[in-house]
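> predicted structure and sequence below. I'll ask about it afterward.
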Amino acid sequence: MTITIRDDYIKLGQALKLANLVPDGAAAKMEITSGLVKVNGETDTRRGRKLYPGDTFTYHSETCQIISNQE
């Protein structure tokens, strides 16, 4: 799955919501701080982690890549 962003970056919690992997910000926070999300292959527990075009995140078995609509 790909997520297209129009800004320079998107925060991890927002990306999870945009990908429809969690219902809201509270659920995103809980999943991220529980260590269930990997960014570029490594577990990251920061909800505010900035994701840039080219970054990937994985939640359960779903991997999403961040792309820019400015390309």
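Cool, the structure landed.
> just give me the neighbour total for the nearest residue to D44 once chain neighbours are set aside.
Nearest residue to D44, sequence neighbours excluded (CB to CB, 6 or more residues apart in numbering): V37, at 6.3 Å. Every C-beta, even on glycine, is put in place using the N, C-alpha and C of the backbone. Neighbour count for V37, taken as other CB atoms under 10 Å: 25.
> wait, V37 sits on A19?
No. Between V37 and A19 there is no contact under CB atoms under 8 Å: 11.0 Å.
> overlap in contacts of the two?
Y59 (CB atoms under 8 Å, 6 or more residues apart in numbering).
> surely I67 and I5 touch.
Yes. Here I67 lies in contact with I5, judged by CB under 8 Å, at a distance of 7.4 Å.
> compare the two (neighbour count), which wins?
When I67 is set against I5 and neighbours are counted by other CB under 10 Å, the residue ahead is I5, at 18 against 14.
> for that one, what are its contacts?
I5 touches 53, 66-69, counting by CB under 8 Å, 6+ apart.
> that one and T58, how far apart?
With distances taken as CB to CB, to the nearest Å, I5 is found 18 Å from T58.
> quick one: buried residues of stretch 11-29?
Within stretch 11-29, the residues that count as buried by 16 or more other CB atoms under 10 Å are 11-17, 21-22, 28-29.
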